[in-house]
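Chemist: the amino acid sequence is not available; the structure is as follows:
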């Protein structure tokens, strides 16, 4: 099962959070799909994803997307994703 805790951070404070759950085990090829589902739930656009983002998530169990990772201007400083093991 895939569990990802996501939070939007502005001025070092969490302004919105969401826990994503998917019955399927995490696979590297599904990273973008999970990210789009999380962004849809948070009502934000999906950021640009490069290999570094996926690799960071897989190696360190977390990844940060900064405002510069989004095409349009966003109202937060960072989208933080963390793998949640149960």
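Modeler: That came through fine. In this text, all values refer to a predicted model and were calculated from it rather than measured experimentally. Residues are numbered from 1 along each chain as shown.
Chemist: and residue 63, what are its bridge partners?
Modeler: residue 81 (DSSP bridges).
Chemist: check contacts around residue 25.
Modeler: Counting by C-beta atoms under 8 Å, 6 or more residues apart in numbering, residue 25 touches 1-2. Where you see a C-beta, it was placed from the backbone N, CA and C, and this is true even at glycine.
Chemist: relative to residue 10, how far out is it?
Modeler: As judged by C-beta to C-beta, to the nearest Å, residue 25 and residue 10 stand 33 Å apart.
Chemist: what number of residues lie near residue 39?
Modeler: Per other C-beta atoms under 10 Å, the neighbour tally for residue 39 reads 19.
Chemist: for it, give me its contacts.
Modeler: 45-47, 79.
Chemist: now do the helices in this structure.
Modeler: Assigned by DSSP state H, the helices in the chain fall at 31-42, 51-60.
Chemist: now the ones you listed in JSON lines, with mean pLDDT and distance to residue 16?
Modeler: Shown next, in JSON lines, are the helices of the chain (pLDDT from 0 to 100; distance: least, C-beta to C-beta, whole Å):
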{"stretch": "helix 31-42", "mean pLDDT": "97", "distance to residue 16": "6"}
{"stretch": "helix 51-60", "mean pLDDT": "96", "distance to residue 16": "19"}
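Chemist: number of nearby residues for residue 60?
Modeler: 10.
Chemist: tell me the contacts of it?
Modeler: Contact analysis of residue 60 by C-beta under 8 Å, 6+ apart lists nothing.
Chemist: let me know which of the helices of the chain is tucked in deepest.
Modeler: Comparing these on average neighbours per residue, with mean count of other C-beta atoms under 10 Å, the densest one is helix 31-42 at a mean of 16.
Chemist: next, the angle from that one to helix 51-60.
Modeler: Orientation of helix 31-42 against helix 51-60 (axes from the mean of the first three to the mean of the last three C-alpha atoms, to 10 degrees) gives an angle of 90 degrees.
Chemist: how about residue 63, what does it touch?
Modeler: 53-54, 56-57, 80-81.
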